[in-house]
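In: Generate a structure from the sequence data that follows.
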Amino acid sequence: MEPEENRLASLFPDVAAQLRAALSNLHLAAAQLIPAEARERDPALDAKAALLDQSYYQVLRLVNSLSAAGGLVDDTPLTLQDRDLVELVGELCEKAAGVATLLDLEVRFVCARERLMCAVDPEALEQLVYHLLSNAFKFTSAGGTVTIELKSTGSRVLLSVTDTGAGIPEDRIPTLFDRYLHKQMDPPPHGLGLGLPLCRRIAERHGGMLMAESRLGKGSRLTLSLPERTVGSGVSDRPFDYAGGFNRTLLALADALPAKAFLLRNQ
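Out: Have a look, this model is predicted:
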């Protein structure tokens, strides 16, 4: 990363902290002006409030990306703990599948193993998986399928997210994870281009890598490769909650979901 980009990556978390305080006040005020009881009685009001909630979640997701930007230049080892990835990834897929129906998408989880223990940072892995799912949802048309496959090769764990969407131009593949504050080809709302670089850093800080394959009109596959290892610990003292107490699935997929996902009944 260039020196100027290093400086920005270090600055972003401070900017995010100031934005987060203002967002908290806005959310509190909105909840008082449009209480849940009123939304339950009035479907039209609930629909308007859902738009407000969606916008709030989208901005909060952006703020969280700014907070995480420091990870692009942070070489501090992650706090790893042994987790069953079949359970961890399976639960994420189940939650994502519940909201994917609102986009008329099918989410499949494929794994031949009943149990697969591996040393990971669970919160960081969750962030990576949800970001890859969000991208897949954005680029896959209604009626399409997003498949999450988890398998072991003996020395590596491979976690792939495959979609039947639009695909990625071949000339973009080599720099797909290097984009940083560049113009996006993503459908709106656009982000800062931090998502995939952050995913790559999460992979690298696990001692792994992130790879992409794609064909235009045929879809894309992004694969996380991790060393299959354990550290003998099931407890982490790393304080991290990028959802801030909100619905983690709705927050992580806010840019890809329709407004109806934020109706009171879906929260």
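In: now the stretch 1-150 of the chain, which segments are flagged as low pLDDT?
Out: For the stretch 1-150 of the chain, applying pLDDT under 70 flags the ranges 1-10, 70-74.
In: quick one: the helices in it?
Out: Ranges of helices in the stretch 1-150 of the chain, per DSSP state H, counting those that start in this stretch, are 3-33, 36-41, 43-68, 85-100, 122-139.
In: which of those is buried the deepest?
Out: Using mean count of other C-beta atoms under 10 Å, the stretch among the helices of the stretch 1-150 of the chain with the largest mean neighbour count is helix 122-139, at a mean of 23. Heads up, the C-betas are built off the backbone N, CA and C, glycines and all.
In: packing partners for it?
Out: helix 85-100, strand 145-152, strand 156-163, helix 195-205, strand 219-227, helix 248-252 (3 or more C-beta pairs under 8 Å, 6 or more residues apart in numbering; DSSP states H and E).
In: I'd like these as CSV, with distance to Ala21 appended.
Out: Output for those, formatted as CSV (distance: least, C-beta to C-beta, whole Å):
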stretch, distance to Ala21
helix 85-100, 28
strand 145-152, 35
strand 156-163, 34
helix 195-205, 23
strand 219-227, 34
helix 248-252, 18
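In: Distance to Phe109 for the helices of the stretch 1-150 of the chain - can I get that in a markdown table?
Out: Shown next, in a markdown table, are these (distance: least, C-beta to C-beta, whole Å):
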| stretch | distance to Phe109 |
| --- | --- |
| helix 3-33 | 32 |
| helix 36-41 | 32 |
| helix 43-68 | 23 |
| helix 85-100 | 4 |
| helix 122-139 | 11 |
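In: Give me the nearest residue to Pro75, chain neighbours excluded.
Out: Wrong residue type there; residue 75 is Asp, not Pro. Arg205 (7.9 Å; C-beta to C-beta, 6 or more residues apart in numbering).
In: closest to Tyr57 out of the helices and strands packed on helix 122-139?
Out: Closest approach to Tyr57 among the helices and strands packed on helix 122-139 is made by helix 248-252 (5.3 Å; C-beta to C-beta).
In: any idea of the mean pLDDT for that closest one?
Out: The pLDDT scores in helix 248-252 average 91.
In: Touching it from outside, list them.
Out: The contact list for helix 248-252 (C-beta atoms under 8 Å, 6 or more residues apart in numbering) reads 57, 60-61, 64, 95-96, 98-99, 126-127, 130-131, 133-134, 242-244, 257, 261-262, 266-267.
In: Apply 6 Å and report the result again.
Out: 57, 61, 95, 130, 243 (C-beta atoms under 6 Å, 6 or more residues apart in numbering).
In: so which of the helices and strands packed on helix 122-139 gets nearest Leu28?
Out: Nearest of these to Leu28, taken as C-beta to C-beta: helix 248-252 at 17.0 Å.
In: Name the residues of that closest one that are buried.
Out: By 16 or more other C-beta atoms under 10 Å, the buried positions in helix 248-252 come out as 248-252.
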